[in-house]
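Trainee: build me a model:
(chains A, B, C and D)
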2 protein chains.
Amino acid sequence: MPVEPARGRGGIPEATVSRLATYLGVLNNLASAGVATVSSGELAATAGVNPAQLRKDLSHLGSYGIRGVGYDVAYLRFQLDQNIGSAEHWPVIIVGVGNLGRALVNHAGFSSRGFRVSALFDVDPALVGSRVEGLPIHHLSDLASVVRDPLVTIGVLTVPGEHAQPVADTLVDAGIKCLLNFAPINLAVPAQVTVRKVDLGSELQILAYHRQMSLADAISAEGLVPGGYGHSGE
Amino acid sequence: MPVEPARGRGGIPEATVSRLATYLGVLNNLASAGVATVSSGELAATAGVNPAQLRKDLSHLGSYGIRGVGYDVAYLRFQLDQNIGSAEHWPVIIVGVGNLGRALVNHAGFSSRGFRVSALFDVDPALVGSRVEGLPIHHLSDLASVVRDPLVTIGVLTVPGEHAQPVADTLVDAGIKCLLNFAPINLAVPAQVTVRKVDLGSELQILAYHRQMSLADAISAEGLVPGGYGHSGE
DNA sequence: ATCTGTGAACCAATTCACAGCT
DNA sequence: AGCTGTGAATTGGTTCACAGAT
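Mentor: Residues are numbered from 1 along each chain as shown, chains lettered A, B, ... in the order given. This next block holds a predicted model:
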């Protein structure tokens, strides 16, 4: 009996989900720009993927295109929104109001997609009670009462690495089901909780690797190419 | 004759490079904690990967472990640093001193890995000339003179989406070879330039998808909905 | 004629399982 | 005995190429 590959509950592979999120962002922009129709080729180019990939990704949701024509921007956007989870439905809380947390409170990339930050939390007495962008900062111990609303299930974790695990535990206990973790550690959470990690230090490290490699290439090319010049700059 | 799969110049697959960056972070922590030796199992657990995966990843660099024992933390850390690019060698510039850019100036995740932000740029006259964390904000038009240092090749792009492409062009012209792009658009750059995109809006969107899926599962498990959902009301 | 939707083919990445060293 | 290093097997992901719809 052939076993289906491990997938999100809805049967959509993780890699596809990630790209669908990107497509939705592009469609939002196209809609704002008044574009009515788009082909897989155009949409794929804007999103930076192969057209066949885009079509296959969309095929996981259904057939929302028109053969010979392309996709209706408004309709496809609506369907993506329906299928992958409308941002309006899920208020977001931010835990850890340091520089990064503060920067995310009215981050354009959140609001342009319809996400709303509904509450802020910290443990620093100097912060609790004050406001950022009009939002009051609650003490983490008030989490349970503020998060009683069952729709509040997405938490952004911008606390120092050494506090991330206990704070995550607190969030999970309060009913948070999804975490965006900016701390550079791997969080242990129950299976039903989804964590995505954004490790900005690692991102720089990866870039440093690429830099080092292309430099190494340049040096060895200088040594290998007789006469010392390669192709004219491209 | 089997052809090697497309890889980074150094022959290390992208997925592996990304994890190596994570391992290096973990090793930094272990070293600070005074741990002298670690097994693939322990290291893998901390990094959140399978032990076999970790060993295979490390095998791309060489044989730095001791059979029957594990890895010497200091030595493995040194080797990773050598192999994937020591952070100290690559000063970073930040372009776009909005909330996010400001938050990254002294981001703990950068400095704990040894990355140093060496200059800030913006075009807003209200910002140019002032300082953030002691660093002066230069006008973007001064980029070429400030970035004359050939080691400055990593740029962090925290400008609004609509400005990201022209600003990226300016950076590339000035000799920047690696970009960490926080704008939610796909940048077009020459082949020799490496771009990594961090799309925080998409990250939330992906979490929203998972939330929606587990909610749908819970509802269908309750028996309210026999199977999925039909077509939109017709 | 054109562009979508998709099985089939291909390629990359992960995991297994065990040989080989300490 | 214990743990690393790695070919082989497996799984997952991408691209091709064309059938099918408008």
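
Trainee: the longest helix belonging to chain A and DNA strand C, are they touching?
Mentor: In chain A, assigned by DSSP state H, the helix with the most residues is helix A:200-224. No - judged by Cβ under 7 Å from any atom of the strand, helix A:200-224 and DNA strand C are separated, with a smallest distance of 13.0 Å. All C-beta atoms are positioned from the backbone trio N, CA, C, and that covers glycine.

Trainee: average pLDDT for that helix, rounded please.
Mentor: The average pLDDT for helix A:200-224 rounds to 86.

Trainee: same question for stretch A:43-52.
Mentor: For stretch A:43-52, mean pLDDT is 98.

Trainee: over to stretch A:179-196?
Mentor: Averaged over stretch A:179-196, pLDDT sits at 97.

Trainee: just stretch A:157-169 next, same as before
Mentor: The average pLDDT within stretch A:157-169 is 98.

Trainee: is it positioned near chain B?
Mentor: Yes - taking Cβ under 8 Å from any Cβ of the partner chain as the criterion, stretch A:157-169 and chain B are in contact, through A:160-161.

Trainee: how many other residues sit next to the residue lying closest to residue A:171 once chain neighbours are set aside?
Mentor: Nearest non-adjacent residue to residue A:171, counting by Cβ to Cβ, 6 or more residues apart in numbering or on different chains: residue A:155, 5.0 Å away. Using other Cβ atoms under 10 Å in any protein chain shown, residue A:155 is surrounded by 31 other residues.

Trainee: list the helices and strands the strand or helix carrying residue A:155 packs on?
Mentor: Element membership for residue A:155 (DSSP states H and E) is strand A:154-157. In this structure, strand A:154-157 packs against strand A:92-95, helix A:161-173, strand A:178-181, helix B:200-222, with contacts taken as 3 or more Cβ pairs under 8 Å, 6 or more residues apart in numbering or on different chains; DSSP states H and E.

Trainee: now do the helices in chain A.
Mentor: Under DSSP H, chain A gives helices at A:14-32, A:40-47, A:51-59, A:73-84, A:99-105, A:108-111, A:143-146, A:161-173, A:200-224.

Trainee: and the angle from the second one to helix A:73-84?
Mentor: The one in question is helix A:40-47. Interaxial angle, helix A:40-47 versus helix A:73-84 (axes from the mean of the first three to the mean of the last three Cα atoms, to 10 degrees): 70 degrees.

Trainee: I'd like the distance between residue A:162 and DNA strand C.
Mentor: Distance of residue A:162 to DNA strand C, given as Cβ to the nearest atom of the strand, to the nearest Å: 27 Å.

Trainee: quick one, phi/psi of the nearest residue to residue A:168 once chain neighbours are set aside?
Mentor: Among residues not flanking residue A:168 along the chain, residue A:187 sits closest, at 4.9 Å (Cβ to Cβ, 6+ apart). Residue A:187 adopts backbone torsions of phi -80, psi 140, taken as degrees, to the nearest 10.

Trainee: so what's residue A:187 up against?
Mentor: Shown in contact with residue A:187 (Cβ atoms under 8 Å, 6 or more residues apart in numbering or on different chains): A:157, A:164-165, A:168, A:179, A:181, A:195, A:197.

Trainee: and with 6 Å instead?
Mentor: Neighbouring residues of residue A:187 by Cβ atoms under 6 Å, 6 or more residues apart in numbering or on different chains: A:168, A:181, A:195.

Trainee: again, but for residue A:70
Mentor: Listed by Cβ under 6 Å, 6+ apart, the contact set of residue A:70 reads A:37-39.

Trainee: which one among these gets closest to chain B?
Mentor: Distance to chain B across the contacts of residue A:70 (Cβ to the nearest Cβ) is lowest for residue A:38, with 14.8 Å.

Trainee: what about residue A:32, neighbour count?
Mentor: Neighbours around residue A:32, by other Cβ under 10 Å: 9.

Trainee: hmm, I was thinking of residue A:49
Mentor: Per other Cβ under 10 Å, the neighbour tally for residue A:49 reads 17.

Trainee: ok, for it, nearest residue in space, not its chain neighbours?
Mentor: The shortest distance from residue A:49 to any non-neighbouring residue, by Cβ to Cβ, 6+ apart, is to residue A:19 (6.3 Å).

Trainee: count the residues that sit near the one you found.
Mentor: Around residue A:19 there are 22 residues (other Cβ under 10 Å).

Trainee: pull out the buried members of the contacts of residue A:70.
Mentor: If you count burial by 16 or more other Cβ atoms under 10 Å in any protein chain shown, the buried members of the contacts of residue A:70 come out as residue A:38.
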